[in-house]
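Asker: Next input, structure requested:
(chains A and B)
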Amino acid sequence: GENVEQHPSTLSVQEGDSAVIKCTYSDSASNYFPWYKQELGKRPQLIIDIRSNVGEKKDQRIAVTLNKTAKHFSLHITETQPEDSAVYFCAASISSSASKIIFGSGTRLSIRP
Amino acid sequence: ETGVTQSPTHLIKTRGQQVTLRCSSQSGHNTVSWYQQALGQGPQFIFQYYREEENGRGNFPPRFSGLQFPNYSSELNVNALELDDSALYLCASSVEEWVDTQYFGPGTRLTVL
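Answerer: Coordinates of the predicted model:
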């Protein structure tokens, strides 16, 4: 079945440095790749998404890249700040429907002051 | 915050009991998906409802069932509760089944003793 793998599971970076989280997906028909940020006890919040007709997308300090051939996509956070500390999930749409998504297992990002 | 609401916030049940969780979708959204998020894991897709019909199901047994009402609010029912059903249950709504952007509710934390 469809699968999304996410690495690393934990990541600690110095404030101001960059953080990179990587994901791979199995379903070549997936065409929507959202990233969610989840703070402790709260709902997942969509922070950025990319569709298969685009290779890269940027929103201020956050960027996502997609390599359809290799079936992997990455989240890049630059100039990290303490409020970036959270669990980040990548996800990929299931081929049969754009609105059904499979999540990765999450990356716990900690920003060291 | 999104316009998606869920009730109750927390719930404690015992093994073998039945539970009903509720979700009110964002206004104008006719598609709702339900996810189970166990502690420390990513959300797992349970099923989706589109215009009151089940529209896809993840790897969950039949004791997980749902309903969607004409006003697009929805329910998740779980029968014969097991200890492993303890999790955060999230619903997410989207404008249409083929529209990928989803908005998550705050979740219901279910504890099965």
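Asker: At which residues are the strands of the chain located?
Answerer: Just going to use chain A. A:4-7, A:10-14, A:19-25, A:32-38, A:45-51, A:56-59, A:62-67, A:72-77, A:86-94, A:97-103, A:107-112 (DSSP state E).
Asker: you looked at the wrong chain, it should be chain B
Answerer: Counting by DSSP E, the strands of chain B are B:5-7, B:10-13, B:19-24, B:31-37, B:44-50, B:53-57, B:64-68, B:74-78, B:87-94, B:103-104, B:108-112.
Asker: can the ones you listed go into CSV with extra columns for mean neighbour count, distance to A:Asp49 and mean pLDDT?
Answerer: (C-beta placed from N, C-alpha, C; glycine too.) Shown next, in CSV, are the strands of chain B (neighbours: other Cβ atoms under 10 Å in any protein chain shown; distance: least, Cβ to Cβ, whole Å; pLDDT from 0 to 100):
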stretch, mean neighbour count, distance to A:Asp49, mean pLDDT
strand B:5-7, 16, 23, 96
strand B:10-13, 13, 30, 97
strand B:19-24, 20, 22, 97
strand B:31-37, 25, 16, 94
strand B:44-50, 22, 17, 92
strand B:53-57, 15, 20, 89
strand B:64-68, 19, 25, 96
strand B:74-78, 21, 23, 97
strand B:87-94, 25, 12, 94
strand B:103-104, 21, 12, 90
strand B:108-112, 18, 25, 97
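Asker: closest one to A:Asp59 among these?
Answerer: Closest to A:Asp59 of the strands of chain B is strand B:103-104 (Cβ to Cβ; 17.6 Å).
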